[in-house]
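Novice: give me coordinates for this.
(2 chains)
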Amino acid sequence: MMAMAIDILSWILLVAGAGFLLIGGIGVLRLPDVYTRAHAAGITDTLGADLILVGLMLQGGFTLVTVKLALIMIFIFFTSPTSTHALIHTAHADGLKPVLGDPSKDAPGKTADRKGNGPS
Amino acid sequence: MSGIMTPLLIGLGVASCILVLIITIRMDIVDRESAPIHLTWRSILYMPWLAWEIVKANIDVARVVLHPRLPISPTLIHVKPTQKSDLALVFYANSITLTPGTISVDVDHGDILVHAITRDAAAGLENGEMDRRVTQVAGEDN
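Specialist: The predicted structure follows:
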């Protein structure tokens, strides 16, 4: 009974994690520029990855596998914001202008144009 | 971590740890900044709050992404961090980036440039609660 409850909870977490990974992917495709896309990518490596890892930990139980999964979680926790910052900082330092304001209001259907992206 | 506990493997592991420690001490890079053990306990108290913020921010960004009209309003704001040490500043900047919807673009003492996906996300950061908590974790609030 207990095992089944843990199994159900684990699968709920895994499916929710997969859903957030999917949303992150949709976001990367829909958003207009590198800055906003990084936010969508942030969904995948925070909640998406963590939900899947916790779900897998529940499958693993009290074993070495769970310890390894916990370590993976800690490493992602520290490396993902650092790499996101490195990417965005480089884009900014290189003079890439972010799309600002509310692009959907002044130009409906043209949110994905590359205006303001500098010479390219 | 393989579950194989033979004396040879354990011995090799201990030997390589000692070797790395000797090399890093010789290189003089072991200090409070590279191994912030003194922050461990207070940061454990901070983690559940940060985790909850991350969950809330994730749901916000997911809703924006899935919304048919894609209601984004990307904003660049400057926030004034109150942390003094480099370590606490990095801790704060990483917390900002880790929360979806806000990314720290340029980090400097007394000024962090933040890109937010919506004005709401920017406003959530500007109320300064995360800044206050990080300063508290770093023990610089006195």
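
Novice: count the residues that sit near residue 67.
Specialist: In the absence of a named chain, this looks at chain A. Neighbour count of A:Val67, defined by other CB atoms under 10 Å in any protein chain shown: 13. To be clear about C-beta, it is placed using only N, CA and C from the backbone, and glycine gets the same treatment.

Novice: switch to chain B, that's the one I care about
Specialist: When neighbours are counted by other CB under 10 Å, B:His67 comes out with 12.

Novice: for it, give its distance to A:Leu31.
Specialist: Between B:His67 and A:Leu31 the computed distance is 12 Å (CB to CB, to the nearest Å).

Novice: again, but for B:Ala123
Specialist: Counting by CB to CB, the gap from B:Ala123 to A:Leu31 is 20 Å.

Novice: the two: which has the busier surroundings?
Specialist: A:Leu31 (25 against 12).

Novice: quick one: mean pLDDT over the longest helix along chain B.
Specialist: Ranked by number of residues, the top helix in chain B under DSSP state H is helix B:40-66. On average, the pLDDT along helix B:40-66 is 84.

Novice: that one packs against which elements?
Specialist: Helix B:40-66 makes packing contacts with helix A:2-30, helix A:34-43, helix B:86-98, helix B:119-126, helix B:129-137 when contacts are defined by 3 or more CB pairs under 8 Å, 6 or more residues apart in numbering or on different chains; DSSP states H and E.

Novice: quick one: distance of it to the chain centre.
Specialist: Centre-to-centre, helix B:40-66 and its host chain are 11 Å apart (CA atoms, centre = their mean, to the nearest Å).

Novice: tilt between that helix and helix B:129-137?
Specialist: Using axes from the mean of the first three to the mean of the last three CA atoms, to 10 degrees, the inter-axis angle of helix B:40-66 relative to helix B:129-137 is 160 degrees.

Novice: and the next helix or strand along the chain from helix B:40-66, what's buried?
Specialist: Counting by DSSP states H and E, the next helix or strand C-terminal to helix B:40-66 is strand B:75-79. Within strand B:75-79, the residues that count as buried by 16 or more other CB atoms under 10 Å in any protein chain shown are B:Thr75, B:Leu76, B:Ile77, B:Val79.

Novice: repeat that for stretch B:95-115.
Specialist: So for stretch B:95-115, counting by 16+ other CB under 10 Å, buried means B:95-107, B:112-115.

Novice: do me a favour and average the pLDDT over that stretch.
Specialist: 84.

Novice: next one: stretch A:29-37
Specialist: Mean pLDDT, computed over stretch A:29-37, is 85.

Novice: ok now that stretch, how far from the chain's centre?
Specialist: With CA atoms, centre = their mean as the basis, stretch A:29-37 stands 13 Å off its chain's centre.

Novice: how long is that stretch from one end to the other?
Specialist: Chord length of stretch A:29-37, first to last residue, is 8 Å (CA to CA, to the nearest Å).

Novice: ditto for stretch B:106-123
Specialist: 18 Å.

Novice: pull the distance from it to the chain's centre.
Specialist: Mean-position distance between stretch B:106-123 and its chain equals 15 Å (CA atoms, centre = their mean).

Novice: hmm, back to that, next, the angle from the longest helix of chain B to helix B:86-98.
Specialist: If you take the same axes, to 10 degrees, helix B:40-66 sits at 30 degrees to helix B:86-98.

Novice: what residues sit buried inside helix B:40-66?
Specialist: For helix B:40-66, the neighbour count (16+ other CB under 10 Å) marks B:Tyr46, B:Leu50, B:Glu53, B:Ile54, B:Val55, B:Ala57, B:Asn58, B:Asp60, B:Val61, B:Ala62, B:Val64, B:Val65 as buried.

Novice: alpha carbons of stretch A:74-92, as PDB, please.
Specialist: Listed in PDB are the C-alpha atoms of stretch A:74-92, where the atom choice follows Å, rounded to 0.1, in the frame of the first residue of the first chain:
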ATOM      1  CA  ILE A  74      22.900  20.100  -6.200                       C
ATOM      2  CA  PHE A  75      25.200  20.500  -9.200                       C
ATOM      3  CA  ILE A  76      22.400  21.600 -11.500                       C
ATOM      4  CA  PHE A  77      21.300  24.100  -8.700                       C
ATOM      5  CA  PHE A  78      24.700  25.800  -8.800                       C
ATOM      6  CA  THR A  79      25.800  25.400 -12.500                       C
ATOM      7  CA  SER A  80      22.500  26.300 -14.300                       C
ATOM      8  CA  PRO A  81      22.200  29.900 -13.100                       C
ATOM      9  CA  THR A  82      25.900  30.400 -13.600                       C
ATOM     10  CA  SER A  83      25.800  29.300 -17.200                       C
ATOM     11  CA  THR A  84      22.600  31.200 -17.900                       C
ATOM     12  CA  HIS A  85      24.200  34.300 -16.500                       C
ATOM     13  CA  ALA A  86      27.400  33.700 -18.500                       C
ATOM     14  CA  LEU A  87      25.300  33.400 -21.700                       C
ATOM     15  CA  ILE A  88      23.100  36.500 -21.100                       C
ATOM     16  CA  HIS A  89      26.100  38.600 -19.900                       C
ATOM     17  CA  THR A  90      27.900  37.700 -23.100                       C
ATOM     18  CA  ALA A  91      24.900  38.600 -25.200                       C
ATOM     19  CA  HIS A  92      24.600  41.900 -23.400                       C
END
